[in-house]
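>>> starting from these lines, generate the structure:
(chains A and B)
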Amino acid sequence: MLNENDLCIYYDIDSSPGIKAKGKFVSNSFAYLDDDSVIDQLLQFRSAGQMNATFSLPQMHCSSCIYLLENLHRINAGITKSQAHFERKEVFVSFNPTVISLRKMVELLAFIGYEPAISLNDAGPKQKNNFNHRKIAELGVAGFCFSNIMMLSFPEYFSGGEIEQQGLKETFSWIIFVLSLPVLFFGARSIFVAAGKGLRQGIVNIDAPIALAIIITFARSYYEIISGTGSGYLDSGTGIIFFMLIGRWFQHKTYDALSFDRQYKSYFPLGVTVLRDCKEENIPATTLQNGEIIVIRNEEMIPADARIIAGEAFIDYSFVSGEDAPVARKTGDLVFAGGKQKGGAIQLKLVKAPSQSYITQLWNNDIFSKTKNKEQSFIHPWSRYFTAILLSIALLAACYWAFTDASKILPVVTAVLIVACPCSLLLSATFTFGNMLRIFGKNKLYLKNASVIEALAKVQHIVFDKTGTITQTGQALVNFRGDALSAQEETWVRSAAMQSAHTLSTSLATYLHKDNFTTAAPLQHFKEVAGQGLVADIEGARVTLGAASFANAAATTAPKTSSRVHVNINENYKGFYEIGNHYRQGIHELARQLQQGPYQLHVLSGDNDAERQNLFKIFGTQTPLRFKVSPADKLSYIKALQQQKGGVLMAGDGLNDAGALMQADVGIAVSDDAARFSPACDAIMDGAALGKLAAFISYAKAGRQIVMASFALSILYNVVGLSFAVQAKLSPLVAAILMPASSISIVLLVSLLTSVLAKRKNL
Amino acid sequence: MSALFILIGISLMVAASFLAAFIWSVGNGQYDDDYTPSVRMLFDNEPKEAGSEKKS
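Residues are numbered from 1 along each chain as shown, chains lettered A, B, ... in the order given. Here you go, the predicted model:
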């Protein structure tokens, strides 16, 4: 198809381009996009000749993708424009609906390998983010005004305050006056807003003393300029604001492609096939009614709690409960929303609407309705002491000058407040945490914001989910025990196992395929007994795989450490395959490192206790292990831990951990593909980085010390500045030297320290 | 002496126009995506015929 449209160059750009169109692409699966109400919800703009839409494409991964996606118009003439946004993994398409429909458009994207992720969440109003625009504009304006003010102040500093040219000094002062206005009213607005918010809640946060210092600096400078008595401290004042804005911008680095606030809506499909009057129809899931009959095909998700009325259901609940193996359900049984059907199509009759299903009720828990009540950063209480000390120094200086020279009281007090603003404390915190966010990101731990670092530093309890978090899904550890099988027998076993969709069978088939490349043998007869095993006749032999009783296994005394598949060939018991979970690399090492530290580990699993022995080997016998834990129990377990001292870290994946992740002080979603779906959390971690968790926590602790060290340095600067100020000798020149010197040296110090520490911790 | 004042005025006006251009570009969304354009400019936009001739 690419060749046809002269896009061969796609393969020249990158040596490893393109994931191919997914095999399971079903021609019918986007049929709901023909529905008019769905179309309206997905489009940003619609007219007779043009439609605009933005799709999220999780598969976008390299520069070739951008090339291909931006040349869609060569594949189909109906597409007028397509523009990719790589970091958000989105593509904006503008197309002519008379030539290519929305459904065709989506199918085209899916065909070339970028299946758009369309979920229930996409339906509904789109929020536009103008927040960043404002921040960049504030930064630009403050930077522009600050540098111009600095330039205009130079002549006076270099001439020692006396400029020969008549009127020039006054002109400069007034230009500075005008230039400082946008900084005060536009640039510093966010600081005033934050300070006001804190005061209204009765908290003195770090923004309050800074706002006070800014007001005093500007007020005194304006007074001096208007009265003609001096040139003021506007260069230092605007400089401080500029540096603080840089710090905030630096700290608020966001990961566009990641979403930290997912709702159940993000997981559920937008379209569902319903059966009405014996005809299949595609309708948007939002309009699903109680009592309706729906059709769920292989790999499709059940949108609401329902009863099976036809077909053999084989439901994989791993996403909801953490259970590894799919469960078989018969006609008349109840199935729950969030499960995935494996196998043929089934018909279900809904008993609840999607918004009232079991899994969505988890989101009705209080914890999801309130934003996390994060503890205030430790720099805020510090700034309170700082302010108290500062005010007492100002008071002492005022008392002293009252007895010696009363005319100097006001200049001295204002000078003290100007020079000793806790800006450097804020600067050191923002730059330290900003740089740490980047270093964490480089190591594939993506934090939601900087306050997560502080929460991470306080962690005492570490709770792991088993399935998908410490084990790797899709990779099982297989071992054979018993009489060795011949190559031919292995082929038989593999051929039989390939026929079944059970996880144990698929794990076994994949494992055997690795060292045995013979082609699968044809089956004469195949029968599967749900929950028991399977029987197959291959090349005249009868192969039985399954539970011990099913395969006539001899009784064994060895402790059961994992799931087993017993093998019986021609009524001869051969032995069993041990199929264990495949634990992530580095998990043994991690458990050892963490247990040496002051941490208490916990393991919660929604699965059965077959892995108990293996978990003991990894975590030792001291670690509490809980099995068959429901999503709600996980949440209450975390809540109970929080009654004790220290923070709780929860590492999990999947919907079943969503409540616990939300409740924990630090909820880390572990995912093998960070751009893929993950539940609401504070941080998203690439599965490969889990082994570094111990290093991450100790690095977060070190970050706090870095802030303290740089704070000590800033106090040194403050002492120097204050010694000038209390003697009534603080000239604008001294302030103009001290301010950038302290800011820049602090920024350099913390950047250097964070990078060096990261190296030492192998991050 | 007066030349200096005029020059200061002109330089400020030039600088202010750049600031205005910057604010306009921010509002226009030019800072929304700081990665894709750097890749986009590397793609050759050859005309269709030329492209097919070159392929071997």
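>>> okay, now the unreliable bits of the stretch 101-250 of chain A?
A:120-131, A:161, A:163 (pLDDT under 70).
>>> show me which residues of it sit near chain B.
A:132-133, A:136-137, A:140-141, A:144, A:148, A:165-166, A:168, A:171, A:175 (C-beta under 8 Å from any C-beta of the partner chain). Using the backbone N, CA and C atoms, a C-beta is placed for each residue, glycine as well.
>>> widest-spaced pair of these?
By the measure C-beta to C-beta, A:N132 and A:Q166 form the most distant pair in these, at 46.8 Å.
>>> helix or strand with the lowest mean pLDDT in the chain?
Unless you meant another one, I'm taking chain A. helix A:10-13 (a mean of 48; mean pLDDT, DSSP states H and E).
>>> wait, I meant chain B there
That would be, for chain B by mean pLDDT, DSSP H and E, helix B:48-54 at a mean of 40.
>>> ok so, going back, and the next element down the chain from the least confident helix or strand of chain A?
helix A:36-42 (DSSP states H and E).
>>> is A:L649 in contact with A:L456, as I believe?
Yes. Using C-beta atoms under 8 Å, A:L649 is in contact with A:L456, at 7.2 Å.
>>> just give the nearest non-adjacent residue to A:I216, would you?
Counting by C-beta to C-beta, 6 or more residues apart in numbering or on different chains, A:I216 lies nearest to A:L417, which is 4.8 Å off, once chain neighbours are set aside.
>>> any idea how far A:N570 is from that neighbour?
Distance from A:L417 to A:N570, counting by C-beta to C-beta, to the nearest Å: 93 Å.
>>> what do you get for A:A695?
A:A695 is 54 Å from A:N570, by C-beta to C-beta.
>>> these two: who's more crowded?
Higher neighbour count among A:A695 and A:N570: A:A695, with 18 against 11, using other C-beta atoms under 10 Å in any protein chain shown.
>>> who are the neighbours in contact with the more buried one?
Residues near A:A695 by C-beta atoms under 8 Å, 6 or more residues apart in numbering or on different chains: A:761-763.
>>> write a PyMOL command that selects only the buried members of the residues you listed.
In PyMOL, the members of the contacts of A:A695 classed as buried (16 or more other C-beta atoms under 10 Å in any protein chain shown) are selected with the following command:
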select buried, chain A and resi 761+763
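>>> report pLDDT for A:S424.
Listed pLDDT for A:S424 reads 80.
>>> which residue ranges form the helices in the stretch 351-500 of chain A?
A:358-361, A:366-369, A:379-404, A:409-419, A:423-442, A:451-457, A:487-498 (DSSP state H, counting those that start in this stretch).
>>> related to what we said a few turns ago, which residues do A:L649 and A:L456 both contact?
What both A:L649 and A:L456 touch, as defined by C-beta under 8 Å, 6+ apart, is the set A:666, A:697.
>>> from A:T510, how far out is A:K574?
A:K574 is 20 Å from A:T510, by C-beta to C-beta.
>>> and what of A:V565?
A:V565 is 13 Å from A:T510, by C-beta to C-beta.
>>> one more: A:G620?
31 Å.
>>> tell me which of the two has more neighbours.
With neighbours defined as other C-beta under 10 Å, A:G620 and A:T510 compare such that A:T510 has more, 16 against 12.
>>> next SSE downstream of the host helix or strand of that one?
Assigning secondary structure by DSSP H and E places A:T510 in helix A:503-515. Toward the C-terminal end, the helix or strand that comes next after helix A:503-515 (DSSP H and E) is strand A:523-529.
>>> hmm, back to that, what would the residues of the stretch 101-250 of chain A next to chain B look like in a markdown table with neighbour count and secondary structure?
What follows is those, written out as a markdown table (neighbours: other C-beta atoms under 10 Å in any protein chain shown; DSSP: H, G, I helix; E, B strand; the rest coil):
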| residue | neighbour count | secondary structure |
| --- | --- | --- |
| A:N132 | 15 | helix |
| A:H133 | 18 | helix |
| A:I136 | 20 | helix |
| A:A137 | 20 | helix |
| A:G140 | 19 | helix |
| A:V141 | 20 | helix |
| A:F144 | 22 | helix |
| A:N148 | 21 | helix |
| A:Q165 | 12 | coil |
| A:Q166 | 8 | coil |
| A:L168 | 17 | helix |
| A:T171 | 16 | helix |
| A:I175 | 16 | helix |
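>>> show me what counts as buried in the lengthiest helix in chain B.
What stands out as the longest helix in chain B, according to DSSP state H, is helix B:2-27. The neighbour-count check on helix B:2-27 (16+ other C-beta under 10 Å) flags B:19, B:22-23, B:26 as buried.
>>> so which of the residues you listed also contact chain A?
Near chain A, by the rule C-beta under 8 Å from any C-beta, you find B:19, B:22-23, B:26 out of these.
>>> which one in those is the model shakiest on?
Lowest confidence among these: B:V26, with 89.
>>> correct me, but that residue touches A:H133?
Yes. Here B:V26 reaches A:H133: they are 5.2 Å apart, a contact under C-beta under 8 Å.
>>> so where's the stretch 601-750 of chain A uncertain?
Residues of the stretch 601-750 of chain A that meet the cut-off, pLDDT under 70, sit at A:654, A:673-679.
>>> and the helices in it?
Per DSSP H, counting those that start in this stretch, the stretch 601-750 of chain A carries helices over the ranges A:612-619, A:631-642, A:658-663, A:693-726, A:732-760.
>>> deepest in the core, which of these is it.
Counting by mean count of other C-beta atoms under 10 Å in any protein chain shown, helix A:658-663 has the highest mean neighbour count of the helices of the stretch 601-750 of chain A, with a mean of 27.
>>> so how far is it from its chain's centroid?
14 Å (C-alpha atoms, centre = their mean, to the nearest Å).
>>> now for that helix, which elements pack on it?
helix A:366-369, helix A:631-642, strand A:647-652, strand A:666-671 (3 or more C-beta pairs under 8 Å, 6 or more residues apart in numbering or on different chains; DSSP states H and E).
>>> now what about the third one, what contacts it?
By C-beta under 8 Å, 6+ apart, the list of residues contacting strand A:647-652 from outside reads A:455-456, A:458-465, A:468-469, A:634, A:638, A:641-642, A:657, A:660-661, A:663-670, A:679, A:685, A:690, A:693, A:697.
>>> among those, which ones are buried?
Applying 16+ other C-beta under 10 Å to the contacts of strand A:647-652 flags A:455-456, A:458-465, A:468-469, A:634, A:638, A:641, A:657, A:660-661, A:663-670, A:679, A:685, A:690, A:693, A:697 as buried.
>>> quick one: list the elements packing against the longest helix of chain B.
By 3+ C-beta pairs under 8 Å, 6+ apart, helix B:2-27 packs against helix A:131-158, helix A:168-182.
>>> following the last one, which helix or strand shows up next?
Of the helices and strands lying after helix A:168-182 in sequence (DSSP H and E), the nearest is helix A:189-200.
>>> buried ones in the next helix or strand after that next one, by neighbour count?
Sequence-wise, the next helix or strand downstream of helix A:189-200 (DSSP H and E) is helix A:207-227. Residues A:207-218, A:220-222, A:224-225 are the ones in helix A:207-227 that count as buried (16+ other C-beta under 10 Å).
>>> quick one: helix A:207-227 to helix A:189-200, angle?
Counting by axes from the mean of the first three to the mean of the last three C-alpha atoms, to 10 degrees, helix A:207-227 lies at 120 degrees to helix A:189-200.
>>> what's in contact with helix A:207-227?
A:173-174, A:176-177, A:180, A:184, A:188, A:191-192, A:194-195, A:198-199, A:229-234, A:236-237, A:240-241, A:244, A:383, A:386-387, A:390, A:414, A:417-418, A:420-423, A:426.
>>> touching chain B at all, stretch A:38-54?
No. Stretch A:38-54 does not reach chain B (C-beta under 8 Å from any C-beta); its nearest approach is 12.4 Å.
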